[in-house]
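[1] predicted coordinates and the sequence they were generated for:
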Amino acid sequence: MSITHLRSFVEVYRQGSVSRAAHELGLTQPAVTGHIASLEAQLERKLFTRHARGVTPTVIADELASRVTGAIDVAENVLAEVRARSMRVSGTIHLCGPSDILSDLITDRIKTLMHSNLAVQLHPAVDDEPPRMLVEGRSDFAFAVKVPDDPRIEAALYGREELLLVAAPEVVERIGRETALSEALQEVPFLSYDLQRYMIRMWIEHNRMSIGNAEEAVTTPDLRALRNFVVEGFGWSVLPRYLVAAHLRSGALDVIKGPRGNPEIAYYLLWLKSAMRNPRTARAKALLLQPPGDGEAL
């Protein structure tokens, strides 16, 4: 059973399309079709059911994919990393994600990429845009707080940040006049990153509290804008520590402590599994994930 044929099988399985798999592999569609036909002949079983929009894996394909996909990925990643060590890798790395992460959380990693002869282009994106940009080939890597359920995408934990409930000193004083914190938070305007109140819900649920049917005074998809509004005394919000550390030190913001402390939010680096065949992206991934202060990863 040829490794090349298995490689084609894995890509067709992930893409759900022979044509898209051929594009990702840099092969012709007839070549990939031939690889699948050869595997089916050796297994004496059908691997995919063809239809107008692509292919659907059979039970046999599901079983084969579960057994070989990880090994194929590891082998290709190792080969790409070895090639990266033996050649001068250059070019542009495209990174997408929320603007606050790109500007405030990954500065040291961007510098590491630049020092390794890689240019960087940043693409602000919110909600479900980052995974879509990866799949569409518009970005090499994405930063997100959730890992999408997509077999084509792989993720690694980038880091964790403490979530703090913060407000300007005068707003904190106003909240402190109330006897119960949950009641006080309902009486004072609050600001949210999104309509789902993702970070606020994490903090409230972690502290086993409720803010009832209180509604946001301001909603914005930019955490830096949200922070600036909180600094100006618009109300309270929940923000990651990295974004407010300097303002806490200067006294522009104060922390409101919850009865059970503060939760943490995880940040993930996402990439297409198929992209790791390229030495440039394999090198960039290692550099992006190396701990701050470490030497060059490759």
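    It's in. Numbering: from 1, shown residues only.

[2] quick one: mean pLDDT for the helix or strand harbouring residue 30?
    Using DSSP states H and E, the element containing residue 30 is helix 29-43. Mean pLDDT, helix 29-43: 93.

[3] in it, what counts as buried?
    Using 16 or more other CB atoms under 10 Å as the test for burial, helix 29-43 gives 32, 33, 35, 36, 38, 39, 40. Backbone N, C-alpha and C define where each C-beta goes, glycine included.

[4] same list, the residues you listed, but as a markdown table with distance to residue 200 please.
    Putting these into a markdown table (distance: CB to CB, whole Å) gives the following:
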| residue | distance to residue 200 |
| --- | --- |
| 32 | 47 |
| 33 | 51 |
| 35 | 50 |
| 36 | 49 |
| 38 | 55 |
| 39 | 50 |
| 40 | 52 |
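
[5] among those residues, pick out the one closest to residue 278, please.
    Taking CB to CB as the measure, residue 278 lies nearest residue 32 of those, at 18.6 Å.

[6] does that closest one touch residue 23 like I think?
    No: applying CB atoms under 8 Å as the test, residue 32 and residue 23 come out as separate, 9.6 Å apart.

[7] re the thing from before, quick one: distance of the helix holding residue 30 to the chain centre.
    34 Å (CA atoms, centre = their mean, to the nearest Å).

[8] in stretch 118-131, which residues are buried?
    For stretch 118-131, burial by neighbour count (16+ other CB under 10 Å) applies to 118, 120, 122, 123, 124, 125, 129, 130, 131.

[9] what does stretch 154-164 give?
    Residues of stretch 154-164 classed as buried: 154, 155, 158, 159, 161, 163, 164 (neighbour count, 16+ other CB under 10 Å).

[10] please list the members of those residues that lie in strands.
    Among the buried residues of stretch 154-164, the members found in strands (DSSP state E) are 154, 155, 158, 159, 161, 163, 164.

[11] for stretch 142-159, measure first residue to last.
    Length of stretch 142-159, first residue to last, CA to CA, to the nearest Å: 14 Å.

[12] go ahead and name everything in contact with that stretch.
    13-15, 73, 95-98, 101-102, 105-106, 125, 128, 130-131, 133-135, 198, 265-274, 276, 288-289 (CB atoms under 8 Å, 6 or more residues apart in numbering).

[13] cool, stretch 160-170 as well?
    105, 175, 188, 199, 202-203, 230-233, 235-242, 244, 247-248, 251-258, 262-267.

[14] packing partners for the lowest-mean-pLDDT helix or strand in the chain?
    Least confident element among the helices and strands of the chain, by mean pLDDT, DSSP states H and E: helix 59-85 (a mean of 82). The contact analysis (3 or more CB pairs under 8 Å, 6 or more residues apart in numbering; DSSP states H and E) places helix 59-85 against helix 3-15, helix 279-289.
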